[in-house]
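**Student:** build the 3D model from these lines:
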Amino acid sequence: MRIETAQYQSSIAEATEQATAAEASGFDSWWATETKSDVFLSAAGGAAATDAIRVGTGIAVALARNPMLVAIQANDIQTYSAGRFSLGLGSQIKPHIERRYSMPYSAPAARMREFILAVRAIWTSWERSSTLDFEGDFYSHTLMTPMFDPGPNTHGNPPIQLAAVGPLMSEVAGEVADGIAIHGFCTERYLREIQIPAVERGRAKAEAPREEFQINAPGFIAIGDSEEEIAAGIDLAKGQIAFYGSTPAYRPVLELHGWGALGEELTRMSKSGSWSEMPALIDDEILAAFAVVGTADQVGRELRERYDDIATRIVMTGDQLDPSQLTRLRASLNG
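**Tutor:** Now for the predicted structure:
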């Protein structure tokens, strides 16, 4: 399995520092996230600061944009990075699309399917110097003159990873994307019983083998070399589980395990501003389902046991591992 890292950044300068450190540590890929700075600029900054590591958007909020702009930005970074770019896309949830971005939101799975097909249609028109003629229910792109046509990308088009939680979006990922970005708020059971079957339905529609499809191992991962570091990792993981568990869109993951009432309580607490009290509701059983915490050797063995037959990569979120930890994780992960 590949070992990748996704990090939050508040500036392009911070993104370049993170990507440089990720490459020096030995990570296979570094993903910029879309929080406080533009994710495409951050990814471009990461590409500029590195030589070999893959860089990507993890993720870019697609429904706050349009396919043409995304096709152009992704094409530019693919060229600039000499073929090291991966385009990670996600739909975001309705409140953010409508209230933060002031964009329309409906039928997110159908929109994302059409969005990705439109991006691919634009790339194809550049690649073949053919007429752009994409018309769908949500997006229409029917004009491309030589002035605006960059031509084929000498490094090929970047692979597309689609973030998904529910079965509809997971099926879309299997059909039109090159891989699925499994959310951290996911369990092995949910992945195997809900998402993988949906991905396989999508691959069947596309008449494409699953072996060529990228899947990351889910869950929150925290690695430490001391009891204090591991305890801190547990606290962080509980906070992340509580935060995402309070979001109604992610409720089906909890409901599969019979923890729907917990999700309702977390939502209630979040609305009352009781954020600091929410992690206390995450017991050891829930922690074990969503997170893998321990030394690098322990985490690698556990991830291999859970996901070796289905995952092609793991994605660390947050702080970097030091090179020694990464070496031990890779050795135990890959047996």
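
**Student:** render the CA-only coordinates of stretch 31-48 in PDB, please.
**Tutor:** Output in PDB follows, covering the C-alpha atoms of stretch 31-48 (Å, rounded to 0.1, in the frame of the first residue of the first chain):
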ATOM      1  CA  TRP A  31      -2.600  16.200  -0.600                       C
ATOM      2  CA  ALA A  32      -3.600  19.900  -0.100                       C
ATOM      3  CA  THR A  33      -6.900  20.400   1.600                       C
ATOM      4  CA  GLU A  34      -9.500  23.100   1.000                       C
ATOM      5  CA  THR A  35     -10.100  24.900   4.300                       C
ATOM      6  CA  LYS A  36      -8.400  28.400   4.700                       C
ATOM      7  CA  SER A  37      -6.700  28.700   1.400                       C
ATOM      8  CA  ASP A  38      -7.300  27.900  -2.300                       C
ATOM      9  CA  VAL A  39      -6.600  24.200  -2.700                       C
ATOM     10  CA  PHE A  40      -5.400  24.500  -6.300                       C
ATOM     11  CA  LEU A  41      -2.900  27.200  -5.500                       C
ATOM     12  CA  SER A  42      -1.700  25.200  -2.500                       C
ATOM     13  CA  ALA A  43      -1.300  22.100  -4.700                       C
ATOM     14  CA  ALA A  44       0.600  24.200  -7.300                       C
ATOM     15  CA  GLY A  45       2.800  25.500  -4.500                       C
ATOM     16  CA  GLY A  46       3.500  22.000  -3.300                       C
ATOM     17  CA  ALA A  47       4.400  20.900  -6.800                       C
ATOM     18  CA  ALA A  48       6.800  23.900  -7.200                       C
END
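
**Student:** how about it: buried residues?
**Tutor:** Neighbour counts over stretch 31-48 (16 or more other CB atoms under 10 Å) mark 31-34, 37-40, 42-48 as buried. (Each C-beta comes from the backbone N, C-alpha and C, glycine too.)

**Student:** for this structure, give me the ranges with low pLDDT.
**Tutor:** Judged against pLDDT under 70, the low-scoring parts of the chain cover residues 319-320.

**Student:** in this protein, what residue spans correspond to helices?
**Tutor:** Counting by DSSP state H, one finds helices in the chain at the ranges 12-25, 39-48, 67-80, 94-95, 108-128, 167-176, 188-190, 196-206, 227-245, 251-256, 260-271, 284-290, 296-307, 323-333.

**Student:** and Pro159, which of those is closest to it?
**Tutor:** Evaluated over those, closeness to Pro159 peaks at helix 67-80, with 9.7 Å, by CB to CB.

**Student:** now for that closest one, which elements pack on it?
**Tutor:** Applying 3 or more CB pairs under 8 Å, 6 or more residues apart in numbering; DSSP states H and E, we find helix 67-80 packed against helix 39-48, strand 85-90, helix 108-128.

**Student:** what sits against Ala49?
**Tutor:** Taking CB atoms under 8 Å, 6 or more residues apart in numbering, we find Ala49 in contact with 16-17, 19-20.

**Student:** nearest the geometric middle of this structure, what residue?
**Tutor:** A centroid search over the chain (CA atoms, centre = their mean) returns Ala181, at 4.0 Å, as the residue closest to the centre.

**Student:** how close does the nearest residue to that one once chain neighbours are set aside sit to Trp259?
**Tutor:** Spatial nearest neighbour of Ala181, excluding adjacent residues (CB to CB, 6 or more residues apart in numbering): Ala163 at 4.1 Å. Going from Ala163 to Trp259 by CB to CB, to the nearest Å gives 22 Å.

**Student:** looking at the two, which is more packed in?
**Tutor:** In terms of neighbours (other CB atoms under 10 Å), Ala163 is the more surrounded of Ala163 and Trp259; the figures are 23 against 20.

**Student:** do you know how far the more buried one is from Val172?
**Tutor:** If you go by CB to CB, the gap between Ala163 and Val172 works out to 11 Å.

**Student:** now Leu256
**Tutor:** Noted for Leu256: a distance of 20 Å to Val172, by CB to CB.

**Student:** who's more crowded, those two?
**Tutor:** Under the criterion of other CB under 10 Å, the comparison of Leu256 against Val172 puts Val172 first, with 29 against 14.

**Student:** spatially nearest residue to the more buried one, not counting backbone neighbours?
**Tutor:** Distances taken as CB to CB, 6+ apart put Arg113 closest to Val172, at 4.5 Å, once the chain neighbours are dropped.

**Student:** how many residues are close by that neighbour?
**Tutor:** Neighbours of Arg113 using other CB under 10 Å come to 23.

**Student:** what of the one 5 residues further on?
**Tutor:** With neighbours defined by other CB under 10 Å, the count for Ala118 comes to 23.

**Student:** can I assume it is in contact with Glu135?
**Tutor:** No: with contact defined as CB atoms under 8 Å, Ala118 does not count as touching Glu135 (9.5 Å).

**Student:** thanks again, I'm all set now.
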